[in-house]
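# Below: sequence and its predicted model.
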Protein chains: 2
Amino acid sequence: MDNRPIGLFDSGVGGLTVAKQVMKVLPHEDIVYFGDTARVPYGSKTKETVTKFSEQIIRFLLTKDVKAIIIACNTASANSYHDLIRTFPEMPIFEVITAGVESCIAATKNKKVGITGTQATVRSGAYELGIKQRVPDMRIYAQACPLFVNLAEEGWTDNEVARLTAHIYLDDMLAQGVDTIVLGCTHYPLLKRCISGVVGEKVTLVDPAKATALKMKKFLEQNDMLSDTEEGRNTFYVSDHTPSFDNLCERLLKTHYTAEKIDIEKY
Amino acid sequence: MDNRPIGLFDSGVGGLTVAKQVMKVLPHEDIVYFGDTARVPYGSKTKETVTKFSEQIIRFLLTKDVKAIIIACNTASANSYHDLIRTFPEMPIFEVITAGVESCIAATKNKKVGITGTQATVRSGAYELGIKQRVPDMRIYAQACPLFVNLAEEGWTDNEVARLTAHIYLDDMLAQGVDTIVLGCTHYPLLKRCISGVVGEKVTLVDPAKATALKMKKFLEQNDMLSDTEEGRNTFYVSDHTPSFDNLCERLLKTHYTAEKIDIEKY
C-alpha cells in the first residue's frame, strides 16, 4: 500500500486526456498534474530542449513526493524517456508510446498502420522503432500533423478548416490502405470526431491514454503500491495561468479545478 | 557616431520580418537578433510570463552592448513595453505598436479599421488605445487570429486552409466596412498574399515593420548615434536550434545565417 500521489506532466493541457483515463482506471489514486503552459508546445522544439524542460518538471514533481510518474506527452515520451530514466533511476517513469505501439499492433488486421504526431515525435521514429521491434514486417506511414494541436486549442475541433487539414495530413496514408491510425499526441483525441469522419469507419483510431493508465494500474498492483484512500484528490500545477487550462478542464473533466502557478525554470 | 549594434528580439522567428526592414533602412548598422524558439509562441501566454521572458532577453542583449532595442514582437510590445522601459530606464527601447497605429491612421479614409493579432495582443487593447488617443472617433474592429502563426510556420501561406481560416477571422470586420487592416503580429506578413486575396484590393494591409525601422533611423540620426561602418553585420541567437529559424532565414532574407544557442533562462 502506498498513498503517495501519481505524477503526470505534459507540455500544456493535452495531457489532461491522459489524466482523465488515470482518474477512471485508478479512482483511489491521488494525482499531481503539471502542465508547462508557459513553454508549450514541445512538438516544434528539439530533443535537447524537451529533455531539459522534462527534467525540470520531474524535479518539481519529486518535491510533491510522487510514487511514480507518467509522461503524458508523446513528444517528451518519444524524445526524452531514455534520458529521463537514466537521470532519475530511482523513480518509476512511464511513457505513452509503448501503450500506443501495443494497442496499434492489437488493432491492425492488414499490418498497415499510420502514425500521427508532432514534428518532434515523428522525427524521433519512436513509434516505428517500437512497432518494428515487435512486428518487423509491419508497414508504417508516419505524418507530422502540427496544426492539429493549434486547431484543438482554438476550439476548431469539427469545422471545415479542421476537416480540410485532416484530409491534407491523412489522405496519403489512407491511399496506402492503413486500417489503423495512432493518435500520437495527447491533443489529437480532442479532434477524434472530425478525424473519424475523414478516415471513415473502417479505420481504427488508437488513443494510447487508456492503455497507459492500465499499465500504471498493473505496475501498482504488482508492486503493492495501490492507494487505499476512498477517493483520489487531483492537484494541478501550471507554469502560466493561460485560459487553455480552465477551458479544457471544463470541456474534458466536466469540472473546475484551480491550478497553482509554478516558476518551473527554478527547478 | 555610435558603432554598437541594435538589438532586436521576438518570441521566435516572426521578428525576422522586422529585422529585414531594419537591414534595408539602416544598412550600415550591426544587428543582434534574439529569437526565443524554445518558448515560442508568446501570443497564447499571459502578460506576466511575456514580461518575464522579455526581461531575460533584454538582460542578454545588454551583454552584447546594444545601443538600442526593438521589441520585434507585437505580443511583447503590447503587453510588456511599459514594464520594460521602467525596468531598463537607461536603454532606448522601441516597440512595433506605435508605428502600426500611425500607419493605420495614415492609411484609412473611412475611419473604419481592423486590428489582427495574437490573443494576448488583442486582449491588451494596445492598438485600440493608441488609435483612440489620436483619433477618438475611429471605429475599430479587433480579431485574434492565432492560427495565422501556425499556418505561417507550417508553410501553408497560400493554400485552401489558409484562405478558409482568413475568411473565418476576417469576414466580420470586412462586413463592417473596414478599409484598413493592421497585421498586428510579425508572422502575419508571411501570409500577406493570401490575406490580400481574401480582403480584396480595396483594403489596405498595414505591416508595422518598415515604419518601426524608420522610427529607429530617425532616433539614431537625431541623437548622432548612426554607425559609420561600411556594411552592417548581423548576428543571430536563439534559445533552441529548431528548423524554423533556418527555414525563414532562407525564405525571407535569401541567405543562410548561423544562429548561436543561448540558455536564456539563466538571464
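Yes, it's here.
# Can you give me the domain boundaries for chain A?
Here the domain parsing of chain A from automatic domain parsing is A:6-95+A:210-266, A:97-208.
# Need those domains in CSV (columns: distance to chain B and mean neighbour count).
Every residue, glycine included, has its C-beta placed from N, CA and C. Converted to CSV, the domains of chain A look like this (distance: least, C-beta to the nearest C-beta, whole Å; neighbours: other C-beta atoms under 10 Å in any protein chain shown):
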stretch, distance to chain B, mean neighbour count
domain A:6-95+A:210-266, 4, 20
domain A:97-208, 4, 20
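# among the helices and strands of chain A, which has the poorest mean pLDDT?
Of all helical and strand segments in chain A, the minimum by mean pLDDT, DSSP states H and E falls on helix A:243-248, at a mean of 86.
# now the strands: where do they sit in the stretch 101-250 of chain A?
Taking DSSP state E, counting those that start in this stretch to define them, one finds strands in the stretch 101-250 of chain A at A:112-117, A:139-144, A:180-184, A:204-206, A:234-238.
# Tabulate these (CSV), appending mean pLDDT.
As requested, those are exported to CSV (pLDDT from 0 to 100):
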stretch, mean pLDDT
strand A:112-117, 98
strand A:139-144, 98
strand A:180-184, 98
strand A:204-206, 98
strand A:234-238, 96
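# These into TSV, with extra columns for distance to B:Phe9?
Listed next are these as TSV, based on distance: least, C-beta to C-beta, whole Å:
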stretch	distance to B:Phe9
strand A:112-117	30
strand A:139-144	28
strand A:180-184	33
strand A:204-206	41
strand A:234-238	25
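# closest one to B:Phe53 among those strands?
Ranking the strands of the stretch 101-250 of chain A by their distance to B:Phe53 (criterion: C-beta to C-beta) puts strand A:234-238 first, at 15.6 Å.
# what packs against that closest one?
If contacts are counted by 3 or more C-beta pairs under 8 Å, 6 or more residues apart in numbering or on different chains; DSSP states H and E, strand A:234-238 sits against strand A:31-35, strand A:259-261.
# Mean pLDDT for those strands - can I get that in TSV?
Below are those laid out as TSV (pLDDT from 0 to 100):
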stretch	mean pLDDT
strand A:31-35	97
strand A:259-261	96
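# Can you say which of the ones you listed is nearest to A:Arg139?
For A:Arg139, the closest of those is strand A:31-35, at 35.4 Å, according to C-beta to C-beta.
# what's the following helix or strand after the closest one?
Following strand A:31-35 in sequence order, the next helix or strand is helix A:47-62 (DSSP states H and E).
# what sits up against that next one?
The contact list for helix A:47-62 (C-beta atoms under 8 Å, 6 or more residues apart in numbering or on different chains) reads A:7, A:9, A:11, A:32, A:34, A:36, A:39, A:42, A:69, A:71, A:75-76, A:79-80, A:83-84, A:87-88, A:91, A:93, A:120, A:124, A:237, A:262, A:264-265, A:267, B:38, B:239-241.
# Quick one: work out the angle between that helix and strand A:31-35.
Interaxial angle of helix A:47-62 relative to strand A:31-35 (axes from the mean of the first three to the mean of the last three C-alpha atoms, to 10 degrees): 140 degrees.
# Looking at helix A:47-62 now, give me its mean pLDDT.
Helix A:47-62 carries an average pLDDT of 98.
# And stretch A:219-229, by the same measure?
Mean per-residue pLDDT for stretch A:219-229: 97.
# What segments of chain A are helices?
Counting by DSSP state H, the segments of chain A that form helices are A:16-25, A:47-62, A:74-87, A:97-107, A:119-124, A:126-134, A:146-154, A:160-175, A:192-199, A:208-222, A:243-248.
# ok, the closest residue to A:Gly117 other than its chain neighbours - contacts?
Of all residues not flanking A:Gly117 in the chain, A:Gly184 sits nearest, at 3.5 Å (C-beta to C-beta, 6 or more residues apart in numbering or on different chains). Contact analysis of A:Gly184 by C-beta under 8 Å, 6+ apart lists A:Asn74, A:Ile97, A:Gly100, A:Ile115, A:Thr116, A:Gly117, A:Thr121, A:Val122, A:Tyr127, A:Pro208.
# Identify the residues contacting the residue lying closest to A:Ser11 once chain neighbours are set aside.
Distance criterion C-beta to C-beta, 6+ apart; nearest residue to A:Ser11, sequence neighbours excluded, is A:Tyr42 at 3.9 Å. Contact partners of A:Tyr42, counting by C-beta under 8 Å, 6+ apart, are A:Ser11, A:Asp36, A:Thr49, A:Val50, A:Phe53, A:Cys73, A:Thr75, A:Ala76, A:Thr118, A:Ala120.
# on that earlier part again, and the strands of the stretch 101-250 of chain A: which comes nearest B:Leu16?
The nearest among the strands of the stretch 101-250 of chain A, by C-beta to C-beta, is strand A:139-144 at 22.8 Å.
# what's in contact with the closest one?
Residues from elsewhere that reach strand A:139-144 (C-beta under 8 Å, 6+ apart): A:111-119, A:121-123, A:125, A:127-128, A:131-132, A:169-170, A:172-173, A:176, A:178.
# Now with 7 Å, please.
Strand A:139-144 has contacts (C-beta atoms under 7 Å, 6 or more residues apart in numbering or on different chains) with A:111-119, A:122, A:127-128, A:131, A:169-170, A:173, A:176, A:178.
# what's the answer for stretch A:215-224, then?
Residues outside stretch A:215-224 that contact it (C-beta under 7 Å, 6+ apart): A:Met1, A:Ile6, A:Val22, A:Val25, A:Leu26, A:Ala68, A:Ile70, A:Pro92, A:Phe94, A:Ala99, A:Leu226.
# Identify the farthest-apart pair in those residues.
Checking the contacts of stretch A:215-224 with C-beta to C-beta, the most distant pair is A:Met1 and A:Ala99, at 25.2 Å.
# can you redo the helices and strands packed on strand A:234-238 as JSON lines with distance to B:Leu151?
Formatted as JSON lines, those follow (distance: least, C-beta to C-beta, whole Å):
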{"stretch": "strand A:31-35", "distance to B:Leu151": "25"}
{"stretch": "strand A:259-261", "distance to B:Leu151": "29"}
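# Could you report the separation of A:Ser44 from A:Ala142?
16 Å (C-beta to C-beta, to the nearest Å).
# meant to ask about A:Lys67
Separation of A:Lys67 from A:Ala142 (C-beta to C-beta) stands at 34 Å.
# And A:Ile168, by the same measure?
Distance from A:Ile168 to A:Ala142, counting by C-beta to C-beta: 15 Å.
# Could you do A:Ala38 as well?
Noted for A:Ala38: a distance of 29 Å to A:Ala142, by C-beta to C-beta.
# got it, and A:Thr242?
A:Thr242 is 30 Å from A:Ala142, where distance means C-beta to C-beta.
# Many thanks, have a good one.
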